[in-house]
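>>> sequence and predicted structure, then a few things I'm wondering about:
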Amino acid sequence: MTSPSTPSPAAPSPSLTEVETHGVDRIPDAERTATPFDLFRLAFGGANTFSTCVLGAFPVLFGLSFWQGLAATLLGVVVGALILCPMAVFGPVNGTNNAVSSSAHLGVHGRVVGSFLSLLTAVAFFSLSVWSSGDALVGGAHRLFGLSRGDLSYAVAYALFAGLVLAVCVYGFRFMLFVNKIAVVSATVLFLLGAVAFAGDFDPSYAGVFTDSADAATRSLFWPSFIGAALIVLSNPVSFGAFLGDWSRYIPAATPRRRVVGAAFLSQLATLLPFLFGLSTASIIAAEAPEYVDPAAPDFVGGLLAISPSWFFLPVCLLALIGGMSTGTTSLYGTGLDFSSVFPRLSRVQATLLVGAVSIGFIFAGRFALDLVRSISTFATMIITCTTPWMVVMMLGFLTRRGWYDPEALQVFNRRQRGGRYWFAHGWNWRGMTAWWVSAVVGVLFTDIPGQFVGPLGDLANGVDISLPLSLAVAAVLHLALLWLFPEPRAVYGPEGPWLVRSADVAVPPITGPGAGAGEEAVSDPSANVRA
């Protein structure tokens, strides 16, 4: 293992067309050439897209005024960014993705929870990206060239997006970073051009349905609608929680953590651009073409094209193409990467192709056979309800461990070994697992999304969705309580010992299995500092 005092010389950067060979193994120090700004571009580029505009339209779909919708959007983005940004530190510290890092807190086998959550998140947001971008491309081409808006046109558009995204993901991190460099600048320019296109029609005084003249039954739905809209907005930044490590693992371990966390936070604040574009145009659609914001059958893309000046049709098509690729790659890349370790017979490329094929099948079935397009916001919110407690367990684990990890022990699952610091009880750390699933179940039970999903206990707060704050609180309190009442082995805490919790002097099983020599050495010296 390389000593922090003698860093390895930086290796020359591979070419863009060189297929990435690394899976979730620890990235060697010499190959960590990314910067916090690269992380910013990837996280912002993955959200600076048309699908984020669709999420930004939900406050208006829920009946809020422009200013009420703006408040809900700001609340969702800021809170979501604060929840998300600490998840960026695991990549530089451990040189691997966040699902693998979760082995330290959920156990060698418990890390599959992160893999499963990342798969669901990737499918949901990849689908949302392809559907929204494909609809915009077909709609723009219809207005520009008279292209038929039949199922065949949509199928070709979806296949085009999905194929391009899959190709980028197969090439890997460097090519994805290159695509996002272009996407960030071009999509931003197109959104600013859109501000010019709709400036004459925009009226910030759009009142929504919760006016003084509304009846009592309507007014009583204001807070449920406001909180529900904020949660849908919040789902966008939180959706990156499982993926930040995929990109930040290429950042050198010596990089100040505040810079890494700051890059992740600022990347989400920057997404206010597409969110506000969606909110502003949705308020125009509600005023000029209200049939497109009918809660029973909303069609933001159709409404946008209906109110767009003819010269903006081509920028809409370009925005759809660029944004669809950007969001799709950031969603799909990490899941293919992670599943190459869950299924060791598959290489990263093979796992990416498999996950991509499954996702594309879901996209076509959901659009043409099952009509799941309008359910995607509910699906995304439910995923976030389950993912956020997992993130809380990770972050509290990071704090109680003082940021100390054993990279060799983290790789036990991937190498098909047994034992090590993070073996706990047969590969499961029941403390972290219990805190996660109990808080996730509580969150689902208290979910209340107006007109979409209401959990069995969702009405206990008078229609206000308290699922997220409740699940956050339950996860934090329960995890710390379990760590205090049932201390983890002293060996997992490193030389400085635990913070806030106790530890137990119990034996840690040695790592056994293929290539177990390094693992045994690491376990035999609990005080060895391997943070770098």
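Thanks, I have it. The structure displayed is predicted, hence computed values, not measured ones. Numbering: from 1, shown residues only.

>>> ok, residue 500 to residue 186 distance?
46 Å (C-beta to C-beta, to the nearest Å). C-beta here means a position set from N, CA and C on the backbone, and glycine is covered the same way.

>>> what's the burial count for residue 507?
Residues contacting residue 507 under the criterion other C-beta atoms under 10 Å number 8.

>>> excluding its backbone neighbours, what's nearest it?
residue 489 (7.9 Å; C-beta to C-beta, 6 or more residues apart in numbering).

>>> distance check, residue 446 against residue 106.
Distance from residue 446 to residue 106, by C-beta to C-beta: 23 Å.

>>> how about residue 425?
For residue 425, the distance to residue 106 - C-beta to C-beta - is 12 Å.

>>> these two: who's more crowded?
Neighbour comparison, residue 425 and residue 106: the larger count goes to residue 106, with 29 against 12 (by other C-beta under 10 Å).

>>> SS state for the closest residue to residue 492 other than its chain neighbours?
Nearest residue to residue 492, sequence neighbours excluded (C-beta to C-beta, 6+ apart): residue 421, at 5.0 Å. At residue 421 the chain is in coil, as set by DSSP: H, G, I helix; E, B strand; the rest coil.

>>> my read: residue 421 touches residue 493, true?
No. Counting by C-beta atoms under 8 Å, residue 421 sits too far from residue 493 to count as a contact (9.3 Å).

>>> give me the more crowded residue out of these two.
Using other C-beta under 10 Å as the criterion, residue 421 and residue 493 rank with residue 421 on top: 28 against 21.

>>> now the phi/psi pair for that one, please.
Backbone torsions of residue 421, given as degrees, to the nearest 10, read phi -60, psi -30.

>>> what comes up buried for the helix or strand residue 142 falls within?
Assessed by DSSP states H and E, residue 142 sits inside helix 112-145. Neighbour counts over helix 112-145 (16 or more other C-beta atoms under 10 Å) mark 112-141, 143 as buried.

>>> how close does the residue nearest to residue 492 sit to residue 107?
11 Å.

>>> same question, residue 338
16 Å.

>>> now the stretch 1-150 of the chain, which segments are flagged as low pLDDT?
Along the stretch 1-150 of the chain, the model assigns pLDDT under 70 to residues 1-23.

>>> any residues in contact with both of residue 425 and residue 106?
Common contacts of residue 425 and residue 106 (C-beta atoms under 8 Å, 6 or more residues apart in numbering): none found.

>>> residue 187 against residue 316, yeah?
No. At 11.8 Å, residue 187 does not count as touching residue 316 under the criterion of C-beta under 8 Å.

>>> for the residue nearest to residue 507, give me its contacts.
421, 424, 503, 504, 505, 506, 507, 508.

>>> quick one: least confident helix or strand in this protein?
One helix or strand of the chain scores below all others by mean pLDDT, DSSP states H and E: helix 517-524, with a mean of 44.

>>> give me the three-state assignment for the residue lying farthest from the centre of the chain.
Within the chain, the residue lying farthest from the chain centre (C-alpha atoms, centre = their mean) is residue 213, at 39.9 Å. Following three-state DSSP, the label given to residue 213 is coil.

>>> let the chain start at 47 from now.
From this message on, residue numbering opens at 47, which makes the last subject residue 259.

>>> in stretch 197-207, what's buried?
Across stretch 197-207, burial judged by 16+ other C-beta under 10 Å covers 199, 200, 201, 203, 204, 206, 207.

>>> and which of those residues is nearest to residue 415?
The closest of the buried residues of stretch 197-207 to residue 415 turns out to be residue 201 (C-beta to C-beta; 12.0 Å).

>>> what helices or strands is the helix or strand harbouring that closest one leaning on?
Assigned by DSSP H and E, residue 201 belongs to helix 197-217. With contacts taken as 3 or more C-beta pairs under 8 Å, 6 or more residues apart in numbering; DSSP states H and E, helix 197-217 sits against helix 158-191, helix 219-244, helix 359-388, helix 394-410.

>>> with just CA atoms, put the last one into PDB.
Extracted as PDB, the C-alpha positions of helix 394-410 are listed here (Å, rounded to 0.1, in the frame of the first residue of the first chain):
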ATOM      1  CA  ARG A 394     -17.700  -4.100 -15.900                       C
ATOM      2  CA  VAL A 395     -18.600  -3.900 -19.600                       C
ATOM      3  CA  GLN A 396     -20.700  -7.100 -19.500                       C
ATOM      4  CA  ALA A 397     -22.600  -5.900 -16.400                       C
ATOM      5  CA  THR A 398     -23.200  -2.500 -18.000                       C
ATOM      6  CA  LEU A 399     -24.700  -4.100 -21.100                       C
ATOM      7  CA  LEU A 400     -26.900  -6.400 -18.900                       C
ATOM      8  CA  VAL A 401     -28.200  -3.600 -16.700                       C
ATOM      9  CA  GLY A 402     -28.700  -1.400 -19.800                       C
ATOM     10  CA  ALA A 403     -30.700  -4.100 -21.600                       C
ATOM     11  CA  VAL A 404     -32.900  -4.600 -18.500                       C
ATOM     12  CA  SER A 405     -33.400  -0.800 -18.300                       C
ATOM     13  CA  ILE A 406     -34.200  -0.500 -22.000                       C
ATOM     14  CA  GLY A 407     -36.800  -3.300 -21.700                       C
ATOM     15  CA  PHE A 408     -38.400  -1.500 -18.800                       C
ATOM     16  CA  ILE A 409     -38.500   1.800 -20.800                       C
ATOM     17  CA  PHE A 410     -40.300   0.200 -23.700                       C
END
